[in-house]
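*Asks:* sharing a sequence plus its predicted fold:
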Amino acid sequence: MKIRNRIALQFSLIVASILLTFSLLIYFTTAAYSRDDFYERLKKKARTTARFLIQVKEVDQNLLKIIDRNTLTALYDEKVLVFDEQNRLIYASVDDHIIHYQRSLLNDVRESREVETWSDENQLAGILYEEGGRRLVVLASAYDQVGRSKQRNLRVTLVWGLIGGIGLTVGLGIFFAGQSLRPIDEINTQISTITARNLRQRLDEGDRRDEIDQLAVNFNAVLGRLEQAFEQQRSFVSHASHELRTPLASLKSEIQLGLRRQLDAGEYETILTNLHSDADRLIALTNSLLFLARTIENISQMPLEPVQMEEVVLLARDELLSAKPHYRIEFDYDNLPNSETETTVSGNEELLKRVLQNLMDNACKYSPDHTARVRIGTNEQFCRVSVHDNGVGIKPEEVELIFEPFYRTANAVGYEGFGIGLSICQRILELHQGQITVQSQPGEGSVFTMQIAHL
């Protein structure tokens with residue numbers, strides 16, 4: 001079912017329920033009021049009859065019957081019965097009708113003084129009339145012809161009003177629901193035209209005041225992020241292809257050189273050494289690309305647990321020094337933590353170790369003395385690890401670009417690397433709800449700082 005029809009149906013059911021409730025309330029309230037009013041008229045008739053019968057001596061029973069039948073306030077099918085203390089009938093307003101009553105009803109009237117009940121389709125009111133030492137029971141019954149007619153007319157009016165109201169509600173509900181949802185139809189039409197080739201297209205955001213306009217705004221924001229992701233993917237593929245082409249071309253050249261003519265053992269050894277070097281470079285690049293892709297793909301599925309940053313720094317340092325013994329890494333605190341929790345973060349130890357190894361390796365690689373200085377500092381909220389070097393530095397205009405995959409600064413020419421390490425570091429720290437910043441001056445060195453909230 002379409003949203004428009006569902007909204008119209010729900011709105012119609014709500015309005016129909018309200019109309020039905022009010023119709024029933026009006027009908028039963030009016031019926032109760034009419035019934036109570038008719039009972040009061042019957043009681044007045046009973047009191048009047050008893051008063052004439054007892055107080056006015058000039059009025060005998062025959063004259064009283066004539067008065068009852070010809071009074072302007074006579075009711076349809078009216079009957080009045082008067083009983084004495086011994087339950088003997090001393091007056092009946094009609095003689096040509098059989099009057100049905102139960103003796104227990106007379107006792108109920110004497111106990112309750114007033115009784116309201118039914119006699120077939122007639123309403124019956126019984127009262128206890130006391131006058132001059134006499135205690136008479138007077139029963140008055142009649143058919144409320146006018147009241148019943150009014151109730152029938154009211155019932156017909158309410159039924160037709162309810163049907164008309166529900167029909168009008170359904171029609172207006174469908175119309176106004178369609179009007180309200182028309183912007184969504186327009187958004188659907190616009191969305192259907194967006195493909196991978198025209199991600200720059202944006203939805204009409206209107207005046208940004210209602211929820212539908214906000215939906216368009218948020219969808220445009222998603223399109224922006226999606227476009228950026230596509231651009232990053234295209235850039236990644238382009239740079240990866242370029243980086244892979246260089247060692248592959250070198251491999252092919254060396255192989256062609258070895259096949260072109262007969263070489264002596266020394267020349268073959270040189271070719272094999274070059275092939276080995278190119279293969280190592282190709283393996284290192286491939287591993288870096290796979291790690292970057294795997295980190296991006298599984299970034300939300302990495303297990304996080306409490307990690308002591310000092311231990312991660314020492315593990316990263318030891319592994320790096322075992323692979324490159326000529327490096328020097330100095331470790332110290334900016335300020336001594338008050339407790340172990342200040343240097344404990346929620347993270348993945350292997351990934352954090354990879355970040356620190358990349359930062360330490362870069363610091364040692366670009367420093368003339370191959371030395372990196374690592375400092376740990378804490379405050380009330382964060383644990384910071386800074387890696388200092390005295391290397392070539394980074395130009396201010398290139399600082400924001402160094403975290404892009406495959407980007408290498410002009411000062412990095414001549415140094416080994418693919419421009420992937422810092423991008424991997426940034427992705428890993430995003431996983432840990434942290435950040436990495438850099439302060440650098442060309443020719444003076446750089447300071448890379450990673451910051452993560454501690455436990």
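*Replies:* Yep, that arrived. Numbers count the residues shown, from 1 in each chain.

*Asks:* please name the residues that touch the residue lying closest to Glu85 once chain neighbours are set aside.
*Replies:* Excluding the flanking residues, the one nearest Glu85 by CB to CB, 6 or more residues apart in numbering is Arg135, at 5.7 Å. Where C-beta positions appear, they are placed from N, C-alpha and C, glycine not excepted. By CB atoms under 8 Å, 6 or more residues apart in numbering, Arg135 lies in contact with Glu85, Arg110, Leu128, Tyr129.

*Asks:* could you dump the residues you listed to JSON lines with distance to Asp77 and pLDDT?
*Replies:* Supplementary listing: the contacts of Arg135 in JSON lines, determined by distance: CB to CB, whole Å; pLDDT from 0 to 100:
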{"residue": "Glu85", "distance to Asp77": "28", "pLDDT": "88"}
{"residue": "Arg110", "distance to Asp77": "26", "pLDDT": "90"}
{"residue": "Leu128", "distance to Asp77": "24", "pLDDT": "92"}
{"residue": "Tyr129", "distance to Asp77": "22", "pLDDT": "90"}
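
*Asks:* and those, which are buried?
*Replies:* The neighbour count (16 or more other CB atoms under 10 Å) marks Arg110, Leu128, Tyr129 as buried among the contacts of Arg135.

*Asks:* tell me which element Asp361 falls in.
*Replies:* Following DSSP states H and E, one finds Asp361 within helix 349-366.

*Asks:* related to what we said a few turns ago, strands - which of the buried ones among the contacts of Arg135 land there?
*Replies:* If you go by DSSP state E, those have Leu128, Tyr129 in strands.

*Asks:* out of the helices and strands in this structure, which is least certain?
*Replies:* helix 61-70 (a mean of 58; mean pLDDT, DSSP states H and E).

*Asks:* tell me the helix or strand right after that helix.
*Replies:* Counting by DSSP H and E, what follows helix 61-70 is strand 79-83.

*Asks:* can you list the buried residues in stretch 198-217?
*Replies:* Leu199, Arg202, Leu203, Ile212, Asp213, Ala216.

*Asks:* averaged pLDDT, the helix or strand harbouring Thr273. What do you get?
*Replies:* If you go by DSSP H and E, Thr273 is part of helix 265-297. Per-residue pLDDT over helix 265-297 has a mean of 75.

*Asks:* cool, and stretch 303-312?
*Replies:* Here the average pLDDT along stretch 303-312 is 88.

*Asks:* and stretch 426-441, by the same measure?
*Replies:* Stretch 426-441 comes out at a mean pLDDT of 88.

*Asks:* show the end-to-end separation of that stretch, please.
*Replies:* From its first residue to its last, stretch 426-441 covers 21 Å (CA to CA, to the nearest Å).

*Asks:* starting at the chain centroid, how far to it?
*Replies:* 32 Å (CA atoms, centre = their mean, to the nearest Å).

*Asks:* residues in contact with that stretch: which ones?
*Replies:* Contacts for stretch 426-441 (CB under 8 Å, 6+ apart): 292, 295-296, 299-300, 302, 304, 345-348, 351-352, 354-355, 393-394, 399, 402-403, 422, 425, 446-453.

*Asks:* please narrow those to those residing in strands.
*Replies:* Those of the contacts of stretch 426-441 lying in strands (DSSP E): Val345, Ser346, Gly347, Ser446, Val447, Phe448, Thr449, Met450, Gln451, Ile452, Ala453.

*Asks:* okay if I get those residues as TSV plus distance to Thr409, pLDDT and neighbour count?
*Replies:* TSV is the format used below for the ones in strands among the contacts of stretch 426-441 (distance: CB to CB, whole Å; pLDDT from 0 to 100; neighbours: other CB atoms under 10 Å):
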residue	distance to Thr409	pLDDT	neighbour count
Val345	30	92	25
Ser346	33	90	14
Gly347	28	87	24
Ser446	10	92	24
Val447	16	94	16
Phe448	14	94	25
Thr449	18	94	17
Met450	20	94	24
Gln451	23	93	20
Ile452	26	93	20
Ala453	30	90	12
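
*Asks:* would you point out the most distant pair within those residues?
*Replies:* Ser346 and Ser446 (27.7 Å; CB to CB).

*Asks:* all the helices of the stretch 201-350 of the chain, residue numbers only.
*Replies:* In the stretch 201-350 of the chain, the helices defined using DSSP state H, counting those that start in this stretch lie at 211-260, 265-297, 309-323, 349-366.

*Asks:* most tightly surrounded among those helices?
*Replies:* Ranked by mean neighbour count under mean count of other CB atoms under 10 Å, those are led by helix 349-366, which reaches a mean of 22.

*Asks:* need the next SSE after that helix, C-terminal direction.
*Replies:* strand 371-378.

*Asks:* okay, Asp108 and Ala142: tell me how far apart.
*Replies:* In this view, Asp108 and Ala142 are 20 Å apart by CB to CB, to the nearest Å.

*Asks:* same deal with Asn335?
*Replies:* Asn335 is 101 Å from Ala142, by CB to CB.

*Asks:* now swap in Ala410 and tell me
*Replies:* For Ala410, the distance to Ala142 - CB to CB - is 112 Å.

*Asks:* neighbour count winner among the two?
*Replies:* Ala142 (21 against 10; other CB atoms under 10 Å).

*Asks:* residues near the closest residue to the more buried one other than its chain neighbours, how many?
*Replies:* Nearest residue to Ala142 in three dimensions, chain neighbours excluded: Leu75, at 3.7 Å (CB to CB, 6+ apart). Other residues lying near Leu75 total 22 when counted by other CB under 10 Å.

*Asks:* so Leu75 is in contact with Ala46, correct?
*Replies:* No. Counting by CB atoms under 8 Å, Ala46 is not a contact partner of Leu75; they are 11.6 Å apart.

*Asks:* show me how this protein divides into domains.
*Replies:* 3-150, 211-297, 305-453 (automatic domain parsing).

*Asks:* my guess is Arg35 meets Gly147, correct?
*Replies:* Yes. Using CB under 8 Å, Arg35 is in contact with Gly147, at 7.4 Å.

*Asks:* out of the helices of the stretch 201-350 of the chain, flag the one nearest Thr378.
*Replies:* helix 309-323 (9.0 Å).

*Asks:* so what touches that closest one?
*Replies:* Residues contacting helix 309-323 (CB under 8 Å, 6+ apart): 327, 329, 331, 343-345, 349, 352-353, 356-357, 360-361, 364, 374, 376, 383, 385, 452.

*Asks:* next, the angle from that helix to strand 371-378.
*Replies:* 170 degrees (axes from the mean of the first three to the mean of the last three CA atoms, to 10 degrees).

*Asks:* starting at the chain centroid, how far to helix 309-323?
*Replies:* The answer for helix 309-323 is 45 Å, by CA atoms, centre = their mean.

*Asks:* now that helix and helix 349-366, what's the angle there?
*Replies:* Going by the same axes, to 10 degrees, helix 309-323 makes 50 degrees with helix 349-366.
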